[in-house]
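Novice: Based on what follows, work out the 3D shape:
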Amino acid sequence: MKPIIVTPMGDAAGVGPEIIAAAIDEPAVRDNATVVVVGHEEILKRAAAAMKVSPRFKRISPDVASIRGEAEEGALNLVHLDNIDLATFEYGKVQAQCGRAAFECISKSVEICMAGAADAVATTTINKEALKAAGVPFIGHTEIFAGLTGTKDPLTMFQVHNLRVFFLTRHLSLADACRAVKKERVLDYIRRCTAALKQLGLDDASLVVAGLNPHCGEHGLFGDEEDREITPAIEAAGAEGYKVSGPNPADSVFHFALQGRWDAVLSTYHDQGHIATKMVDFHRTISLTLGMPILRTSVDHGTAFDIAGKGLVSPVSMIEAIRLAALYAGNFKRKQ
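Specialist: Residues are numbered from 1 along each chain as shown. Model prediction:
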């Protein structure tokens, strides 16, 4: 049996339904996964029409005990949620009903995966303003998954081709990100990143830490965080048995990781790792949320309200998110 990947519809007013409908019959999806979509049937049928594709729709029971038995390879297996008022629905606009529906689709997808009826979740796009308008008590996907799975602090990893990148800091100003580079934080992330790689089946993975300053500060000539905080953390991790090296200059470390020198890179701030991955292949840069009892992959672009419903969006990122979820699903180790 191919892995079952469950995909919530996302924000109905954005491009999420379109990229799902277009991805279902692509060889990279069809040959590797059986896909279960949680969403509104008419919204998805409109999306398919816009993208000029004709996936085979099959409604299946929302009962998690029935999903593995009912889902068919090659079909758009649909758990239909009647949560969109088509009379008031509009493409390309922030709507409370779309935020609420997106949250309900995610919640059902998590329920399905937590029950073992699917092997991973691959998410499409949602809109933070719509979530807020709906009164959803979470700001985004990661927070929703953390709340629904009881995970204190999920870990984000980007993957593009064979380059894997973790982030020591994410949504902080650059000044605050620099201040956050402390020995204990770096050491904690080395431990957590290694554990996350083991979740994916990479039991003997090697990790490298990117430097913060140009040329890793040249021993204090222009920044001493490497000598003062990063190197001591790497040495402490090595003494604990972790397979970690660095710091390595950020202007070369991602290139050599892409060539296979290490299994993953720990970047020291948000844009350092984002720029590196997206310059390799913007559309195939996929976000993975790890450290949870379930595996989640996701596209890394937005709802694209300006082109929603017009059939203009590329489904490449959705295809890759499902493919990567299927690739790791067999080796994924559930976190207890």
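
Novice: Okay, strands next: where are they in the stretch 51-200 of the chain?
Specialist: Secondary structure of the stretch 51-200 of the chain (DSSP state E, counting those that start in this stretch): strands at 57-59, 76-80, 120-123, 155-160, 163-167.

Novice: what's the most buried one of those strands?
Specialist: Among the strands of the stretch 51-200 of the chain, strand 120-123 has the highest mean neighbour count (mean count of other C-beta atoms under 10 Å), at a mean of 28. In this view, the C-beta of every residue, glycine as well, is placed from N, C-alpha and C.

Novice: now for that strand, which elements pack on it?
Specialist: With contacts taken as 3 or more C-beta pairs under 8 Å, 6 or more residues apart in numbering; DSSP states H and E, strand 120-123 sits against strand 4-8, helix 96-114, strand 296-298, helix 316-329.

Novice: what do you get if the cut-off is 6 Å, keeping everything else the same?
Specialist: With contacts taken as 3 or more C-beta pairs under 6 Å, 6 or more residues apart in numbering; DSSP states H and E, strand 120-123 sits against strand 4-8, strand 296-298, helix 316-329.

Novice: average pLDDT for the second one?
Specialist: Here the mean pLDDT over strand 296-298 is 95, rounded to a whole number.

Novice: Which helix or strand contains Ala237?
Specialist: Secondary structure from DSSP states H and E places Ala237 in helix 231-239.

Novice: Quick check: mean pLDDT of that helix?
Specialist: 96.

Novice: Tell me which residues are up against it.
Specialist: 183, 186-187, 190, 209, 244, 246 (C-beta atoms under 6 Å, 6 or more residues apart in numbering).

Novice: Got a ChimeraX select line for the buried ones in the residues you listed?
Specialist: The following ChimeraX line selects those of the contacts of helix 231-239 that are buried, judged by 16 or more other C-beta atoms under 10 Å:
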select :183,186,187,190,209,244,246
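
Novice: export the strands of the stretch 51-200 of the chain to CSV and tack on distance to Val6?
Specialist: Shown next, in CSV, are the strands of the stretch 51-200 of the chain (distance: least, C-beta to C-beta, whole Å):
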stretch, distance to Val6
strand 57-59, 14
strand 76-80, 8
strand 120-123, 5
strand 155-160, 20
strand 163-167, 23
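
Novice: Please read off the pLDDT at the residue of the chain most remote from its centre from the model.
Specialist: What lies farthest from the middle of the chain is Leu221; by C-alpha atoms, centre = their mean that is 37.7 Å. As predicted, Leu221 sits at a pLDDT of 85.

Novice: Contacts only, for it.
Specialist: With C-beta under 6 Å, 6+ apart, Leu221 has no contacts at all.

Novice: Report the distance from stretch 263-282 to the chain centre.
Specialist: Centroid displacement of stretch 263-282 relative to its chain, using C-alpha atoms, centre = their mean, to the nearest Å, is 14 Å.

Novice: May I have that stretch exported as CSV, CA atoms only?
Specialist: Provided in CSV are the C-alpha atoms of stretch 263-282 (Å, rounded to 0.1, in the frame of the first residue of the first chain):
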residue,chain,number,x,y,z
ASP,A,263,22.7,15.8,6.2
ALA,A,264,21.4,19.2,7.5
VAL,A,265,22.4,22.7,8.4
LEU,A,266,21.4,24.7,11.4
SER,A,267,21.1,28.3,10.2
THR,A,268,21.4,31.0,12.8
TYR,A,269,18.6,33.3,11.7
HIS,A,270,15.4,33.2,9.5
ASP,A,271,16.5,34.8,6.2
GLN,A,272,19.9,33.1,6.2
GLY,A,273,18.3,29.7,5.7
HIS,A,274,15.2,30.9,3.8
ILE,A,275,17.3,32.6,1.1
ALA,A,276,19.6,29.7,0.8
THR,A,277,16.9,27.1,0.2
LYS,A,278,14.7,29.3,-2.0
MET,A,279,17.5,30.2,-4.3
VAL,A,280,18.1,26.5,-5.0
ASP,A,281,14.5,26.0,-6.1
PHE,A,282,11.8,28.4,-4.9
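
Novice: Can you point out the buried residues in it?
Specialist: Buried residues in stretch 263-282, counting neighbours by 16+ other C-beta under 10 Å, are found at 263-270, 272-274, 276-278, 280.

Novice: likewise stretch 309-319?
Specialist: For stretch 309-319, by 16+ other C-beta under 10 Å, it's 309, 311, 313, 315-319.

Novice: out of these, who's nearest Pro8?
Specialist: Lowest distance from Pro8 to these (C-beta to C-beta) belongs to Met318, with 12.0 Å.
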